[in-house]
Structures are given as C-alpha cells and as structure tokens.
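>>> A structural model of the following input is requested.
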Amino acid sequence: MPIFRVEARARLLIDVLSDYRDQGKYLLHEFVVMPDHLHLLLTPAPEISLERAVQFIKGGYSYRLGKIDKIQVWQPSFTNHRIRDAEDYQRHCEYVRLNPVRAKVARDAAGYPYSSTGAGLQLDEVPQGLKPAFLRSA
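Numbering: from 1, shown residues only. Coordinates of the predicted model:
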C-alpha cells in the first residue's frame, strides 16, 4: 500500500528523519520518500549501528503515525549497501535524487517535495575518509 502517497504521512517521515538527525543519531546525506518506499543515505553516529539507526526511524515514525492512524507501515527488514569509495557515494546520491524522476512521480528531482533536493531539510556533508575511486590503468 503506498502509504507515503498521503502528504501528511510523507511529511511526518521527513520530520522523523530530521529529528533523529538533530539528536545526533546519524548524519543524513540524501533521502527520498517515494509513495511506497524510502531511500536513505546516512552515516550512523559512531556509537550506533546501522540497524539501530534504522530502528529509530522506523520506530519513531510508527509511534508518531500511531497517534493518527492505526496502519502497518514497515516490512520487518531493510536492504543496505556499504559505500565503498567517493565514486560509489556519488553514484548512490544520484540514484536517490533521481528516483522520483525515474518512477515518473516528478519531472525533475528539485521539484519533488519529499526528498533531500526538494524538502528544504538541512543535510550533512559528504562523509569524511571516503577513498578516491580506484584508477584503472589503460
């Protein structure tokens, strides 16, 4: 069920992302809330695992939404990808930004209001220490 198609639900999720970022649970680099799923590019705080950071988001959202609607929101797991280097980071940033355009829910990334490009939410800088992309010799 595309629960984030409802504007209030999508905006609530953005509020949750912002609140936990402001609490220092993670650095938020990119995100997009699609009608039926979410893409995030984040760096958990040093003392927090990725699983715990995602648990904050899923649990915090479910708790807040539960005050308004009694619906099942999340699948029990999530898929993750560890960023390998600066090139991989840029590729995933672009993937997240362009997701609404590819899905034909927006004409351009900046015009999609439920994303890091359109929501006006403060984002964190590129993670420090990313290795440069491996240069291939000809």
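>>> use CA for all of it now, contacts and neighbours both
Will do.
>>> name the spans of the chain whose pLDDT lies under the cut-off.
Counting by pLDDT under 70, the ranges of the chain that qualify are 131-138.
>>> now the strands for the chain?
26-33, 38-44 (DSSP state E).
>>> so which of those strands comes closest to residue 122?
strand 26-33 (8.5 Å; CA to CA).
>>> the closest one - contacts with which helices or strands?
helix 7-22, strand 38-44, helix 86-102 (3 or more CA pairs under 8 Å, 6 or more residues apart in numbering; DSSP states H and E).
>>> so which of the strands of the chain has the densest surroundings on average?
strand 26-33 (a mean of 23; mean count of other CA atoms under 10 Å).
>>> which residues touch that one?
4, 10, 13-14, 17, 20-21, 38-45, 53, 93, 96-97, 99-100, 114-116, 123-126 (CA atoms under 8 Å, 6 or more residues apart in numbering).
>>> center of the protein - which residue?
residue 40 (2.2 Å; CA atoms, centre = their mean).
>>> give the contact list for that residue.
Residue 40 touches 28-32, 96, counting by CA under 8 Å, 6+ apart.
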